[in-house]
Each structure stands twice: as C-alpha cells, then as structure tokens.
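> After the sequence you'll find the predicted model.
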Amino acid sequence: MAFCVQCGARLEEGAKFCTVCGAKQPEAAAPVYVPPTEDTPAEPQSYSYTPPAPSGAGQQGGYNYDPTIYGGKDGGAGKPPKKKKGGAVVFLILAALVVIGAIIYLVAGKGGERGVAPDDPVLGLYTAQKAETAGISISIKTMWKNGFSIELKDKGKATLNVDGETGSAKWTLDGETFTVKGSGVDCSGTLSDGILTLDNVMDSGVTLYFTKDGAPLPSAVTEAPAPTPGEEPAPAPSEKPAPTPAPSEEPAPAPAAADDILGHYEADKAMAYGVEIEISTMWEKGFSIDLKDGGKCSISVNGTSASGTWTQDGETISVDVPGFNMDAKVQDGALFFADLYGMGVDLYFTKDGSMRPAEAPAETAKPAAEDSWWAGDWYGWWVVTDAGGSYLDEGYVDQAWDVCAQINVNTDATGDIVIWDEDGDDVAWADVSFGSGGSDKGCMTSTQGKFYNYEIAKGEWSVDPTDSDCGGFPDLLCIRGRYSQPSDDSNWIDYYIFLRPWGTRWEDIESGDTSGMLYPNDMMPLNYSSWYLPLIEAGKSMPDNFEGLD
C-alpha cells in the first residue's frame with residue numbers, strides 16, 4: 001500500500017495524484033507511512049527550504065510542512081500524565097483544565113483538504129450534548145455556559161466555538177474515525193449517523209458527544225452503561241459520590257519539622273502557557289487544600305470535598321487524594337503545583353490568605369506599550385539551522401516557517417513572550433526579564449519557558465537588538481536555542497527566531513547588507529509579500545492566526 005507524501009493518505013499502488021489532497025506523487029514508490037508517536041516527529045516532506053523570491057506579486061510559498069518535533073500534545077516533558085482515579089473531584093478539576101486549555105489553544109490552523117463535495121451529508125454544525133468521565137455524566141452547560149460546537153466545512157476546514165471563543169481547525173474522516181486538530185486542540189473519536197464522539201478530550205479522560213443540527217442523543221447514548229459484573233454502578237449525576245474508605249493502616253504521621261506547614265491553603269493563581277487565569281474562572285467556589293496533623297489532608301474543589309493523605313520530603317509536598325495525586329513545591333508558606341495532569345496549567349496556593357513568596361512569579365501587571373519598545377506584536381520567521389539524530393536524517397535542516405509573537409512588559413521589568421507559527425502551532429513561550437544591553441533598548445532574557453515541550457533554561461535566551469546576528473538592523477530580534485527530544489537527546493535541533501515589530505517593512509533587510517547574517521542571500525520571511533505586506537498596507541493589526549495563508 002502506498003501513502004501520499006503530502007498528507008499521508010492511503011493510495012493505490014502507482015497512483016500519480018493523491019485522491020484526498022490532490023498532491024502529485026513521485027515516480028518511485030512512496031515510503032511506508034508510519035504515524036508519529038507521542039515524541040517522534042512527523043515524517044517530513046521530501047523537499048527542503050526554498051528561499052522566497054524578491055518581494056512582489058506572485059511570490060509563492062516554498063514549504064508547508066508541519067514540524068511536529070515535540071513529544072506530546074500536553075506541552076509537558078514528553079511523558080504522558082499519570083493515570084488518576086476519582087469521581088467528582090477529579091472531574092471538576094479536569095473539566096476546568098479542558099475549558100482553559102481549549103480556549104488558550106483555539107488559534108486557527110490551516111484547513112486540510114478532504115476532497116468532499118460541498119453537499120456532503122457529513123458537513124454541518126455539531127453541538128455538544130453530553131460529557132462523561134469516570135462513569136459520571138454532566139451537563140455541557142456546567143462545563144461551558146455558552147456551549148461547545150464544531151462546524152465541519154468543505155475541504156477539511158472546521159470552525160470551533162468553545163464557550164463563546166471561536167477559532168479554526170482542520171478535520172479528517174477515515175471510515176468512522178474522526179480527528180480534529182487546530183493549534184494544540186488535537187482530539188479524535190468517531191462520526192457516524194450524525195453523532196460525533198470525541199474520546200479522552202485533551203488527555204483529560206472526558207468523552208464528549210455531539211449531534212448534528214441540534215438533534216437529541218439517542219437513548220442508547222443517554223442511558224447510563226450497565227456496570228461491569230463485580231463492580232458497583234457509578235453514582236447518578238445528582239448523587240454525591242460515596243466517600244473513599246479510609247486505608248486499613250493509619251498513615252505515618254507528618255514529621256515534627258513540618259508542623260509549620262499545617263493549615264488551610266487557597267488557590268489564588270493559575271498560569272497556563274504564560275497566560276494568567278483567574279481561579280474563579282476555573283472554579284467559581286474556589287479550590288482549597290487543608291494539610292492536617294498525622295499526615296491527613298482534605299481538598300475542596302468548587303464545593304465538592306474529598307479526603308486523603310500527605311507527606312513531605314524536603315521542599316516537596318505530596319498530596320494523595322482520590323482524583324488528585326500531585327506533588328507541590330513548598331516555599332515560604334506557599335504551595336506550587338506544576339503542570340496539572342500534564343495539561344500545562346500551574347496552580348499557586350497560599351496559606352491563610354498570605355502573599356506568595358517573592359520567588360514565585362509576580363502578579364502580571366498591565367503591559368504599558370507606550371512605555372516600552374519591547375511590548376507589542378511582532379512578525380518574522382524561525383528556522384532549523386542544525387540537527388542531529390533522526391531530525392538530521394529526516395531533513396529538518398533549513399526548514400523554515402513564518403511566525404507571529406506577542407511580548408508583554410510589566411512595570412517591574414519582567415514580562416512574557418508567546419510565539420506561534422503559520423501552521424497554528426504554539427512554538428514557544430517564555431517568562432522574561434529586561435535589563436541593560438548594548439543600546440538604550442536593553443536586553444530581554446528568559447527566566448523560564450518551553451520551546452514545544454522542551455524547557456528553555458534561565459538565561460538561555462539572551463536577546464539584544466545590537467547582537468551581531470541581527471546584522472546591524474536595530475529593530476530586529478534574534479533568538480537562538482536548542483531543542484532536544486525528551487525521550488532521546490541524540491535527536492536535537494538548533495534554531496533561530498527572527499522578529500521585527502508588526503507593521504515594520506523589511507525592504508531594508510531585503511536590499512541591505514546581510515553578508516554577515518545567518519542566510520546572507522535571504523533573510524526575509526517567506527510570506528512577507530504574499531501575506532504580511534497586504535495586511536500592513538491595509539492598516540490591519542496582527543491577527544491571532546495565519547488564516548488565509550495558502
């Protein structure tokens with residue numbers, strides 16, 4: 001069986017064109033397509049980076065390959081989240097994380113080609129009718145006040161609406177197997193007879209059921225499944241789950257040195273990929289943890305409580321409650337839980353209403369763009385300059401993509417940067433600080449962050465507009481770093497990111513002296529003339545996606 005070199009669809013042997021995306025196939029038999037694993041990059045295209053022609057009408061893109069070089073959808077360290085047990089508590093936590101993750105990542109991606117007719121009966125609006133996890137059903141309105149819908153359009157394009165936040169995505173259907181992907185939203189399930197099912201949404205354990213054009217779910221779906229022989233049936237949605245029996249042995253008492261740790265902790269801040277989220281947005285009635293004497297603890301999530309145990313090892317507090325088995329760092333009376341359930345959300349708890357320690361990220365101040373040259377929107381491109389292991393073998397070197405970025409600057413000389421590319425991928429985010437540099441613009445330095453799922457070390461990004469790699473163009477930022485595959489560091493890439501403020505024309509770089517720069521014959525973003533220039537000439541602000549870029 002042959003596979004398309006463009007989209008990976010199955011083809012008949014000897015096919016000259018793909019029946020799904022229409023791409024022309026090479027004369028030789030295409031290699032066997034192996035779907036990428038969680039931390040294995042997708043098979044690259046058979047072509048490499050083609051420098052763009054000088055700006056002007058008719059400029060064409062020379063690449064469109066999506067480099068899934070990161071190890072997992074969750075943006076974590078390349079390993080799946082631990083499996084958890086629990087009922088109402090875990091659901092309340094996961095449901096909030098699903099909502100936040102979906103909203104953060106709803107950035108439009110380019111639609112794939114499915115090659116269906118505009119009147120295909122599969123096309124249409126699908127509205128979420130039911131959510132289910134751990135045997136518990138819950139109303140969609142409880143999770144998303146304004147609902148969740150997916151509109152399937154021709155040529156593999158889709159519009160998502162999650163609690164009033166809209167974005168674009170791409171979808172595929174192979175038999176009854178359905179997938180929808182769009183800038184981090186990566187879900188799969190089935191689509192048959194007007195019922196769309198998404199399984200394990202964003203690795204949360206939540207299953208969603210959609211119907212077309214608002215039709216009711218059939219009784220076979222709405223009825224609770226029969227319990228497995230030997231198991232107790234799951235509680236009805238209106239019932240409070242039975243408390244978990246206490247262990248047969250008393251937990252070991254907490255060490256005497258931890259007595260000052262005992263007390264009531266309230267979640268007062270959530271961070272997801274550099275974006276701060278109000279706790280009340282996730283849990284209207286809050287999220288609290290009580291650490292008690294004798295190694296006992298309880299948690300309350302949006303008014304629902306559960307009990308368990310806790311232990312301390314140095315600065316690490318381990319909380320073990322059904323549905324919430326997590327480690328936290330303790331510092332000056334505050335608890336910090338990183339990357340809950342592998343979904344990219346960090347939670348900060350403070351004790352008895354106290355303030356977070358100074359070492360914890362400070363409250364985000366309102367950016368003041370008029371007070372900082374750095375703050376605002378940026379446009380440019382990123383490129384793989386060197387590679388090792390499988391990334392070298394698979395042709396990543398000199399692959400490049402257009403990017404947009406946003407830099408926020410706080411009043412305390414800290415801030416953050418988020419970068420995404422034309423394929424709808426969030427390439428990187430970092431918390432940063434600003435200090436002195438080679439000019440009055442100063443220098444931006446990373447304090448923490450991630451390039452895909454790989455940690456950006458403190459100080460790894462040191463961005464100074466007077467850097468020699470910027471070639472003397474004072475408003476050009478040059479960011480460089482290295483990515484290593486978390487599961488196998490023999491697979492790695494070196495990368496550069498080039499950015500200029502949104503609205504800046506690049507003709508000075510196109511016609512200027514670039515002899516000492518990384519690509520002396522071409523330092524232009526590929527889609528500068530075809531996508532960027534028309535937008536700035538029309539006075540448009542930076543969009544939040546590359547919609548319309550073909």
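Sure thing, it's come through. It should be emphasised that the depicted structure is a prediction, and the values quoted were computed from it without experimental measurement.
> quick one: the helices in this structure?
Ranges of helices in the chain, per DSSP state H, are 88-105, 140-143, 219-222, 279-282, 390-393, 507-511, 533-537.
> Distance check, Ala387 against Gly539.
Ala387 sits 40 Å away from Gly539, taking Cβ to Cβ, to the nearest Å as the criterion. Where C-beta positions appear, they are placed from N, C-alpha and C, glycine not excepted.
> Backbone torsions only: list them for Arg505.
phi -90, psi 150 (degrees, to the nearest 10).
> Could you pull out the strands in the stretch 201-350 of the chain for me?
Per DSSP state E, counting those that start in this stretch, the stretch 201-350 of the chain carries strands over the ranges 207-212, 263-272, 275-277, 287-291, 296-301, 304-313, 316-321, 324-331, 334-337, 345-351.
> May I see these arranged in a markdown table, with distance to Met143 and mean neighbour count as well?
Converted to a markdown table, these look like this (distance: least, Cβ to Cβ, whole Å; neighbours: other Cβ atoms under 10 Å):
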| stretch | distance to Met143 | mean neighbour count |
| --- | --- | --- |
| strand 207-212 | 9 | 20 |
| strand 263-272 | 17 | 20 |
| strand 275-277 | 16 | 16 |
| strand 287-291 | 16 | 21 |
| strand 296-301 | 14 | 21 |
| strand 304-313 | 15 | 18 |
| strand 316-321 | 22 | 18 |
| strand 324-331 | 19 | 18 |
| strand 334-337 | 21 | 21 |
| strand 345-351 | 16 | 21 |
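> Out of the ones you listed, which gets the lowest mean score?
Lowest mean pLDDT within the strands of the stretch 201-350 of the chain: strand 275-277, at a mean of 74.
> Pro543 versus the residue nearest to Phe546 when sequence neighbours are not counted, what's the distance?
Using Cβ to Cβ, 6 or more residues apart in numbering and skipping the chain neighbours, the partner closest in space to Phe546 is Glu422 (4.3 Å). Glu422 sits 11 Å away from Pro543, going by Cβ to Cβ.
> Tell me who's in contact with Gln448.
Applying Cβ atoms under 8 Å, 6 or more residues apart in numbering to Gln448 gives the contacts 430-431, 455-456, 458.
> Only the buried subset of those residues, as a PyMOL command please.
Buried residues among the contacts of Gln448 (16 or more other Cβ atoms under 10 Å), as a PyMOL selection:
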select buried, resi 430+431+456
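> Which one of the contacts of Gln448 is nearest to Thr411?
Ranked by distance to Thr411 (Cβ to Cβ), the contacts of Gln448 are led by Asp431 at 15.1 Å.
> Any stretches of the stretch 451-550 of the chain with poor pLDDT?
549-550 (pLDDT under 70).
> returning to that earlier point: more crowded one of Ala387 and Gly539?
Neighbours per residue (other Cβ atoms under 10 Å) separate Ala387 from Gly539, with Ala387 holding more: 22 against 7.
> how far away is that one from Phe451?
Taken as Cβ to Cβ, the span from Ala387 to Phe451 is 14 Å.
> what residues are up against the residue nearest to Tyr454 when sequence neighbours are not counted?
Among residues not flanking Tyr454 along the chain, Tyr483 sits closest, at 4.8 Å (Cβ to Cβ, 6+ apart). When contacts are counted by Cβ under 8 Å, 6+ apart, Tyr483 touches 69, 451-452, 454, 492-493, 495.
> switch the cut-off to 6 Å
451, 454, 493 (Cβ atoms under 6 Å, 6 or more residues apart in numbering).
> just to revisit the earlier point, Glu422 and Pro543: which has the busier surroundings?
Glu422 (23 against 16).
> Distance of the more buried one relative to Cys470?
22 Å.
> Over to Trp374?
Trp374 is 14 Å from Cys470, by Cβ to Cβ.
> So those two - more neighbours on which side?
A side-by-side neighbour count of Trp374 and Cys470, using other Cβ under 10 Å, places Trp374 first with 23 against 20.
> Can you name the residues that contact that one?
407, 409.
> for stretch 277-289, how far is the first residue from the last?
19 Å (Cα to Cα, to the nearest Å).
> Contacts for it next, please.
For stretch 277-289, the external contacting residues (Cβ under 6 Å, 6+ apart) are 96, 100, 265-267, 270, 299-303.
> again, only this time at 8 Å
92-93, 96-97, 99-100, 264-271, 297-303, 319, 335, 345, 347, 349.
> And stretch 190-201, by the same measure?
If you take Cβ under 8 Å, 6+ apart as the criterion, stretch 190-201 is touched by 98, 122, 126, 150, 173, 176-178, 180, 187-189, 206-213, 215, 217-218, 221.
> List only buried entries from those.
By 16+ other Cβ under 10 Å, the contacts of stretch 190-201 give 98, 122, 126, 150, 173, 178, 180, 187, 189, 206-212 as buried.
> Tell me the one of those nearest Val330?
Nearest to Val330 out of those is Val98 (Cβ to Cβ; 27.8 Å).
> ends of stretch 475-493, how far apart?
End-to-end distance for stretch 475-493, by Cα to Cα: 26 Å.
> Likewise for stretch 167-180?
One end of stretch 167-180 to the other measures 12 Å (Cα to Cα).
> how many neighbours does Gln508 have?
Actually, residue 508 is Asp. It isn't Gln. 12.
> Apart from its chain neighbours, what residue comes closest to it?
Excluding its sequence neighbours, the residue lying closest to Asp508 (Cβ to Cβ, 6+ apart) is Phe473, at 6.8 Å.
> could you measure that neighbour against Gly344, distance?
34 Å.
> Tell me which of those two has more neighbours.
Gly344 (28 against 20).
> my guess is the more buried one meets Ala272, correct?
Yes - using Cβ atoms under 8 Å, Gly344 is in contact with Ala272, at 5.4 Å.
> Name the nearest residue to Cys443, ignoring sequence neighbours.
Nearest in space to Cys443, with sequence neighbours left out and distances taken as Cβ to Cβ, 6+ apart, is Gly437 at 3.3 Å.
> my guess is that neighbour contacts Pro465, does it?
Yes - contact status for Gly437 versus Pro465: in contact at 7.4 Å, counting by Cβ under 8 Å.
> what sits in contact with each of those two?
Joint contacts of Gly437 and Pro465 (Cβ under 8 Å, 6+ apart) do not exist.
> So the two - more neighbours on which side?
Neighbour count, other Cβ under 10 Å: between Gly437 and Pro465, Pro465 has more, with 22 against 17.
> any idea how far the more buried one is from Trp506?
Pro465 is 15 Å from Trp506, by Cβ to Cβ.
> got it, and Lys153?
Separation of Lys153 from Trp506 (Cβ to Cβ): 34 Å.
> ok, of the buried ones among the contacts of stretch 190-201, which one's closest to Pro501?
Using Cβ to Cβ, those come closest to Pro501 at Val180, 34.1 Å.
> got a list of what that closest one touches?
150, 158, 160, 169-171, 186-188, 198.
> So in terms of bridging, what pairs with it?
Trp171, Cys187 (DSSP bridges).
> Check Ser192 too.
Going by DSSP bridges, Ser192 forms beta bridges with Ile195.
> Counting neighbours, what do you get for it?
Ser192 has 13 neighbouring residues, counting by other Cβ under 10 Å.
> what's the answer for Met444, then?
23.
> Name the nearest residue to it, sequence neighbours excluded.
What sits nearest to Met444 in space, not counting adjacent residues and going by Cβ to Cβ, 6+ apart, is Val463, at 4.3 Å.
> That concludes my questions; thank you for your assistance.
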